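**Student:** Sharing a model prediction with you, sequence too.
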Amino acid sequence: MIPPLHVVTDDAVVARPDFPRVAAEVMQAGGPLLALHLRAPAAPGLAVYRWAEALRACSSGAVLLVNDRVDVALAVDADGVHLGRRGLTLADARALLGPDRLIGVSVGSADEAEPGADFLLVGNVYATASHPGRPGIGTGGLAGDPPRIAIGGVTPERVAELRRSGANGVAAIRGIWDAPRPAEAVRGYLKEWQG
């Protein structure tokens, strides 16, 4: 099952001194309804490995995905990987990971998808500070197979619209990590998803 809430980190999030504690709280709050994407493109491999190892130990049933680091995902027995546009191909990642681990792929529209992904992270759906100056693609194309997770400017207030548009889930960075209480923010997103 692909969880309906995907919580994505970035280099600024993992650099926070309280990241391990807050990430554990986020995973506990979401449990099996949450996938945590450990994404830290500027971090050295050893740091990503240590974070992934710590997160795996406290996952509370949440899905752990390591972005663009198949080696780390294998080393910590993560649930899978998420591939951006700069890493391994989907075919190469599948050959290394086997058929049972999840592989997600980032796309700007569902038309860009390669066959074989377990889910697509589609976006940016709305304008977002993560991609300044890039307009959102809108909610069209969120329904279909493989499951599609909407990312980019996703706030709790937009979750119901995305679900009605056919998305199988939503992803957030700032909406979780910049919230005063990230674990409560997780519960808020999930409440909106469950409607």
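**Tutor:** Thanks, I have it.
**Student:** Tell me the buried residues in the helix or strand residue 94 falls within?
**Tutor:** Per DSSP states H and E: residue 94 is located in helix 90-97. Within helix 90-97, the residues scored as buried using 16 or more other CB atoms under 10 Å are 90, 93, 94, 97. (Glycine included, C-beta is placed from N, CA and C.)
**Student:** Tally up the residues packed near the spatially closest residue to residue 40 that is not a sequence neighbour, please.
**Tutor:** Excluding the flanking residues, the one nearest residue 40 by CB to CB, 6 or more residues apart in numbering is residue 14, at 4.6 Å. Using other CB atoms under 10 Å, residue 14 has 19 other residues around it.
**Student:** From what I see, residue 14 and residue 42 are in contact.
**Tutor:** No. Using CB atoms under 8 Å, residue 14 makes no contact with residue 42, being 9.4 Å away.
**Student:** quick check, nearest of the buried residues of helix 90-97 to residue 28?
**Tutor:** Using CB to CB, residue 97 comes nearest to residue 28 of the buried residues of helix 90-97, at 26.0 Å.
**Student:** Out of the buried residues of helix 90-97, flag the one nearest to residue 75.
**Tutor:** residue 97 (12.1 Å).
**Student:** OK, contacts around the closest one?
**Tutor:** 70, 73, 74, 80, 81, 103 (CB atoms under 8 Å, 6 or more residues apart in numbering).
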